[in-house]
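>>> generate coordinates for the sequence data below:
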Amino acid sequence: MKEFIVIVAALSALLSPFAEALSEEARPVSFRSDIAPILLDHCLACHGAKKAEGGYRVDSYGELLKAGDSGEPPIATSADQESELLRRVICEDESERMPEGSEPLKGDQIELLKNWIAAGASFDGDDANEMLSLVIPPVQYADPPQAYAQVLPITATVFSPDGTQLVTGGYHELVIWNVADAVLVRRIKNVGQRVLALAFSPDGITLAVGGGEPGRSGEVRLIDFASGEIKGVVARTGDVVLDLAYRPGTDELAIAAADATIRIVNVKSLEAIRTIASHADWITAIAWSDDGTRLASASRDQSAKVYDGATGELISTYIGHGAAVRGVSILPENKQVVTVGSDGKLHRWDIDGAAKVAEIAIGGEGYKLIRNGNRLLVPCSDKRLLNIDLSNNTISQQYIGHNDWVLTVCRQAGVTDGGWIASGSMDGEVRLWNAADTTLVRSWIAKP
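Just a heads-up that it's a prediction; the model follows:
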């Protein structure tokens, strides 16, 4: 009996590669998992919505089926037809072969296309007109490097809910530091290539992580902070997510993206509530009013906007900067907004009528704003972090010491006066400040 078990185990080990191959061969080719990634990597650059060479697009399954200028069917629908898409990727004439000017598709990729078309070229997603980047299932990202060869700009920071740790973005990871001694505590993997926005849920349990790969994909991953487990992936876009903001008193999360949209999602059900498409370029920052009844946005299209928080209806548009707007905050009582941008100024303006009421020179481009009552923290490209007193529209404090652009700032939650402020800069440095007197507590290069 013992010898029989040994023989069976040996046979299983010998045959398992063949069984795996047969199983893989028998698996139907999936548009979502197999075909869409090929199109995204090798075809979309020349055959998308903005650039459609030969009048042919592949940015969605629906567009893929439509003939281009040649009139030839890209995907055969009967036995007497030839699939123009397949012909173009396998032909030997370099003047006709796709992708143009690049290496031809690999043999296994061509086989996937052949088998998919032969099986009927079916679509296994929910919406045939959805963008390729959204049809593809959420990816399991590659592990980050054990040690970084060079620093990354600190584009997002947030204190843990208890204020003892600081989260910074890394390459496909979150890096968590002990603020008492700047010691690396742990690393959370499986997030987008670049982390550009971080926000804790009001209960402090879930960390929303926004980012992606510039010009290619974006998303928000909802992470259980204690365990590092991915709880959900929402707001997948064709470009990076740039900012996040939880709506006070609700389970709603506002998400600003470089595809010029704002998405509102329910973080409990993971359902999309609405999409706001009022801007013409990147939406760089968003902010809710203290009571959640208003939502404001800043954009690279040189405008800032205010919306009804419940419906998404546009209420006001401000174009006074005449340059890209990078940061925004709605002031108490929901009557005024402050914005900063590439013009090197802070603008204070009325929502009703969108008229400017005050202006403060800040010395450089300003970025995402953190407001605490009548105090406003402004990270600047002139290497300073400013604290602005909104009661008299003056710069009341300056945090000086960074050697490069200050890109992000956060403060300990639940601290009205005093406490610590953390700022991150282009050169990868994090600085921890005493909020009350601007003294430096400690600094470090946030690189594992």
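>>> my guess is Gly211 meets Gln193, correct?
Yes - assessed by C-beta atoms under 8 Å, Gly211 is found in contact with Gln193 at 7.1 Å. All C-beta spots, glycine's among them, are computed from the backbone N, C-alpha and C.
>>> out of these two, which sits in the busier spot?
Relative neighbour count places Gly211 above the other of Gly211 and Gln193, with 26 against 18, counting by other C-beta atoms under 10 Å.
>>> please, which helix or strand holds that one?
Take DSSP states H and E as the rule and Gly211 turns out to sit in strand 206-213.
>>> what lines up beside that strand in the sheet?
strand 194-200 (antiparallel), strand 217-224 (antiparallel) (DSSP bridges).
>>> and the contacts of the longest one?
Strand 217-224 is contacted by residues 133, 138, 174, 188, 190-192, 205-212, 229-241, 244, 253, 255, 257-259, 265, 267, 270 when judged by C-beta atoms under 8 Å, 6 or more residues apart in numbering.
>>> and if we set it to 7 Å?
By C-beta atoms under 7 Å, 6 or more residues apart in numbering, the list of residues contacting strand 217-224 from outside reads 133, 188, 191-192, 205-212, 229-241, 244, 255, 257-258, 267.
>>> so how do I select the buried members of those in ChimeraX?
Here is the ChimeraX selection string for the buried members of the contacts of strand 217-224, based on 16 or more other C-beta atoms under 10 Å:
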select :133,188,191,192,206,207,208,209,210,211,212,230,231,232,233,234,235,236,237,238,239,240,241,244,255,257,258,267
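>>> could you pull out the helices for the stretch 151-300 of the chain?
For the stretch 151-300 of the chain, applying DSSP state H, counting those that start in this stretch gives no helices.
>>> pLDDT score for the closest residue to Ile90 other than its chain neighbours?
The shortest distance from Ile90 to any residue other than its chain neighbours is 6.0 Å, reached at Ile110 (C-beta to C-beta, 6 or more residues apart in numbering). As summarised for this prediction, Ile110 has a pLDDT of 92.
>>> any idea how far Ala76 is from Ile110?
When distances are taken as C-beta to C-beta, to the nearest Å, Ile110 and Ala76 turn out to be 16 Å apart.
>>> between these two, which one's more packed in?
Neighbours per residue, other C-beta under 10 Å: of Ile110 and Ala76, the larger number sits with Ala76, 18 against 15.
>>> that one: which element?
Using DSSP H and E, Ala76 sits in no helix or strand.
>>> Val191 reaches Tyr171, doesn't it?
No - look at Val191 against Tyr171 with C-beta atoms under 7 Å: they stay out of range, at 9.5 Å.
>>> tell me which residues are up against the strand holding Gly211.
Judged by C-beta under 7 Å, 6+ apart, the contacts made with strand 206-213 from elsewhere in the structure are 169, 174, 191-200, 218-225, 231, 240-241, 243-244, 253, 255, 267.
>>> so how far is Ala208 from the closest residue to Asp143 other than its chain neighbours?
Taking C-beta to C-beta, 6+ apart, and ignoring the residues beside it in sequence, Asp143 has Lys189 as its nearest neighbour in space, at 5.8 Å. In this structure, Lys189 and Ala208 are separated by 17 Å, where distance is defined by C-beta to C-beta.
>>> what do you get for Ala142?
Taken as C-beta to C-beta, the spacing of Ala142 relative to Ala208 amounts to 22 Å.
>>> and if you look at Ala79?
50 Å.
>>> what does Ala197 give?
Counting by C-beta to C-beta, the gap between Ala197 and Ala208 amounts to 8 Å.
>>> common neighbours of these two, please.
Common contacts of Ala197 and Ala208, defined by C-beta under 7 Å, 6+ apart, comprise Leu244.
>>> circling back to that earlier point, for Asp350, find the nearest of the strands paired with strand 206-213.
Minimum separation from Asp350 across the strands paired with strand 206-213 (C-beta to C-beta) falls at strand 194-200, 27.6 Å.
>>> give me the contacts around that closest one.
Applying C-beta under 7 Å, 6+ apart, the set of residues contacting strand 194-200 is 155-158, 161, 167, 169, 174, 207-212, 240-246.
>>> take these and keep only those in strands.
Here DSSP state E is the test, and the contacts of strand 194-200 give 157-158, 167, 169, 174, 207-212, 241-246 as lying in strands.
>>> state the number of residues packed around Ala199.
Ala199 has 21 neighbouring residues, counting by other C-beta under 10 Å.
>>> so how far is Gly419 from it?
Remark: distance between Ala199 and Gly419 (C-beta to C-beta) = 18 Å.
>>> equivalent analysis for Glu252, please.
Glu252 sits 27 Å away from Gly419 when distances are taken as C-beta to C-beta.
>>> cool, Pro202 as well?
Here the criterion is C-beta to C-beta. By it, Pro202 lies 19 Å from Gly419.
>>> Phe31 now?
Spatial separation of Phe31 from Gly419 under the definition C-beta to C-beta is 51 Å.
>>> okay, the two: which has more neighbours?
The residue with the greater number of neighbours, taking Phe31 and Gly419 and applying other C-beta under 10 Å, is Phe31; the counts read 21 against 17.
>>> pretty sure the more buried one contacts Phe123?
Yes - judged on C-beta under 7 Å, Phe31 makes contact with Phe123 at a distance of 5.3 Å.
>>> what sits in contact with each of those two?
Common contacts of Phe31 and Phe123, defined by C-beta under 7 Å, 6+ apart, comprise Tyr61.
>>> where does the stretch 301-448 of the chain have low pLDDT?
Along the stretch 301-448 of the chain, the model assigns pLDDT under 70 to residues 414-417.
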